[in-house]
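# generate a structure from the sequence data that follows.
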Amino acid sequence: MTRLRIEVVDMRDRMRRELSSHEPEFSDFKQDAGGIVDIEFLVQYLVLLKSGEYNELNR
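Coordinates of the predicted model:
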């Protein structure tokens, strides 16, 4: 696992622990696993990972 990936995964895990719903009958579509924030983290990870290859991502 790359350092970037480890840092992104660690940051998302921390956010999930602090911000996710801990009630089984309640689902937070933004913060819980598979939610909007996971998609945002994935996109940002890919931008950081590929920004050296695609100058358009550095704008």
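# what about residue 37, how many residues nearby?
19 (other CB atoms under 10 Å). Glycine gets a C-beta too; all of them are placed from N, C-alpha and C.
# contacting residues around it?
By CB atoms under 8 Å, 6 or more residues apart in numbering, the contact list for residue 37 reads 12, 15, 30, 31.
# which residue is the nearest non-sequential neighbour of the residue nearest the centre of the chain?
What sits nearest the mean C-alpha location of the chain, by CA atoms, centre = their mean, is residue 41, with 2.4 Å. Excluding the flanking residues, the one nearest residue 41 by CB to CB, 6 or more residues apart in numbering is residue 12, at 4.9 Å.
# which strand or helix spans that neighbour?
Element membership of residue 12, judged by DSSP states H and E, is helix 3-19.
# helices or strands up against that helix?
Applying 3 or more CB pairs under 8 Å, 6 or more residues apart in numbering; DSSP states H and E, we find helix 3-19 packed against helix 36-50.
# so the residue nearest to residue 41 touches residue 42, yeah?
No: counting by CB atoms under 8 Å, residue 12 stays clear of residue 42, with 9.2 Å between them.
# got the confidence number for residue 58?
Residue 58 carries a pLDDT value of 85.
# grab the nearest non-local neighbour of it.
Leaving aside its sequence neighbours, residue 58 sits nearest to residue 51 (CB to CB, 6+ apart; 5.4 Å).
# against residue 6, how distant is the one you found?
Note on residue 51: its distance to residue 6, by CB to CB, to the nearest Å, is 18 Å.
# of these two, who's got more company?
Shown here are residue 51 and residue 6; by other CB under 10 Å, residue 51 has more neighbours (13 against 10).
# state the pLDDT value of that one.
93.
# please report phi then psi for it.
phi -60, psi -30 (degrees, to the nearest 10).
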